[in-house]
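Chemist: Attaching a predicted model along with its sequence, questions to come.
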Amino acid sequence: MTIDETKQVIDKIKIYRPTFCTQFDKSEFDKLKLEWFRIFEPYDYIDVDRKLDEYFEDNENFGRYPDPYYLTKYLVKIESKMKPGIMYISCHICNKKIEMCNFDKHFDRCSSIDYVCRNYTKYFNKTIDKSALCKLSNIEFGQRYWEFCELLVDKPGLSNLEKRALTNAILTHYGKEPLYEIEEMARKIGEEND
């Protein structure tokens, strides 16, 4: 798990248990987050999140706070899930180790999710739940991704180069001819770098 995924787990606990961590100031909360990250790091976010859901669904836990060690109990570490003789590549976006044969597919989705999250924050001043995007089917994510791109292309603050690249991507996605030539785009990049 990453530190961001750890924060998502803690934020989810706060939703179901609003008094969780209210007594901590920012520095104490940061220490708690780092300690939980240390415990969660060897595990998959999906597994920990599922265990947290099970914790909240259990009536015996009503009103109680989950413990990071409870949430990782009986989970299989990422390293143990790796198959011997298979090559893995670390994704530089999410830091997960992905089988080499699945890396291109993973990287395409991961970079698209990262693009949506960054630009949603930058241009709409809101955050979006990465884990919710990860859980979407490929078809549903694809639909939402292109809907987002269509909203983004008209946002003020987008550079001319970004608008042109995004316009071309949207047009070609729908099977239309791109509006801007590659040479023109390359020239614009050269002008912006000078």
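Modeler: That came through, no problem.
Chemist: For burial, what's the neighbour tally of the residue nearest to residue 173 when sequence neighbours are not counted?
Modeler: Taking C-beta to C-beta, 6 or more residues apart in numbering, and ignoring the residues beside it in sequence, residue 173 has residue 146 as its nearest neighbour in space, at 5.9 Å. For every residue, glycine as well, the C-beta is placed using N, CA and C. By the measure other C-beta atoms under 10 Å, the count of residues near residue 146 is 14.
Chemist: Convert the C-alpha atoms of the strand or helix carrying residue 146 to CSV, please.
Modeler: Per DSSP states H and E, residue 146 falls inside helix 138-152. Output of helix 138-152 as CSV, limited to C-alpha atoms (Å, rounded to 0.1, in the frame of the first residue of the first chain):
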residue,chain,number,x,y,z
ASN,A,138,-12.9,-1.1,-17.8
ILE,A,139,-16.0,-0.1,-19.8
GLU,A,140,-17.4,2.2,-17.0
PHE,A,141,-14.1,3.7,-16.4
GLY,A,142,-13.6,4.4,-20.1
GLN,A,143,-16.9,6.1,-20.3
ARG,A,144,-16.2,8.3,-17.3
TYR,A,145,-12.7,9.1,-18.5
TRP,A,146,-13.8,10.4,-21.8
GLU,A,147,-16.7,12.3,-20.3
PHE,A,148,-14.1,14.0,-18.0
CYS,A,149,-11.9,14.8,-20.9
GLU,A,150,-14.8,16.4,-22.7
LEU,A,151,-15.4,18.6,-19.6
LEU,A,152,-11.8,19.4,-19.2
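Chemist: which residues are in contact with that helix?
Modeler: 109, 112-113, 116, 119-120, 123, 133, 136, 158, 166, 169-170, 173 (C-beta atoms under 8 Å, 6 or more residues apart in numbering).
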